[in-house]
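Student: Need coordinates for the following:
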Amino acid sequence: MHRLAFVLVAVLSLPVFAQDQPAKPAPTLRSILLEQLRSTHNSEEWFVTANIAVEGLTPEQASWTEGKGNHSVGQLAAHLVYWNRRNLARFKGEPQEKFTNNDETFTSFDAKHWADIVKQLDEVMTEWEHVVATADEEKLKSWYSTIEHVGAHNAYHIGQIIYVRKEQGSWNPDKGVKE
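Tutor: Below you'll find the predicted structure:
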């Protein structure tokens, strides 16, 4: 009987507690796209961000592969830089370099430029957030699918980066992925 009374009091109190909470603004296309872009870049939420995924790796570690044909962290990061830049240039109406082969977006990685790749990845993801934050609504409506695919593509390859690092033994589980 006491449990029933407690449950009734708790349930009937919910509307009072809900009124005390500040109302969140309704999501917009812009806010949804920005949330997705930020969650793969530097806003720690559901999964490891790109900045954390590449943090602290040496050029040698970034070049490591397990010998089974999978990409290195450096190759995955270079691929992300390429595709984020390419789509960002399209969004901004800038000319694009000629595209020939997706494999080249991975194999162009050179360990001597690892620190620069890490910097470029952060910069291009920051630029995506800036252009989405400042674009007019019509542009966002016409580009939403591409932008959401950019975010999903980033998340996919960031997951691969974590997997490679785990295989290599260079991943610190305290950074987000324990298993």
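Student: When you work out contacts or count neighbours from here on, use the C-alpha atoms and nothing else.
Tutor: Will do.
Student: Double-check Ala133 against Leu34; I have them as touching.
Tutor: Yes: Ala133 lies in contact with Leu34 (CA atoms under 8 Å); the separation is 7.1 Å.
Student: So for the two, which residue has more residues nearby?
Tutor: When Ala133 and Leu34 are compared for neighbours, Leu34 comes out ahead with 20 against 15, by other CA atoms under 10 Å.
Student: The more buried one is in what secondary structure piece?
Tutor: Using DSSP states H and E, Leu34 sits in helix 29-41.
Student: Compute the mean per-residue pLDDT across that helix, please.
Tutor: Mean per-residue pLDDT for helix 29-41: 94.
Student: who does whichever helix or strand comes after it touch, helix- and strand-wise?
Tutor: Sequence order places helix 50-54 as the next helix or strand after helix 29-41, per DSSP H and E. Here helix 50-54 touches helix 29-41, helix 114-134, helix 137-168, going by 3 or more CA pairs under 8 Å, 6 or more residues apart in numbering; DSSP states H and E.
Student: show me the residues around Tyr156 that make contact.
Tutor: By CA atoms under 8 Å, 6 or more residues apart in numbering, no residues touch Tyr156.
Student: leaving aside the residues next to it on the chain, what's closest to Ala111?
Tutor: Pro59 (5.0 Å; CA to CA, 6 or more residues apart in numbering).
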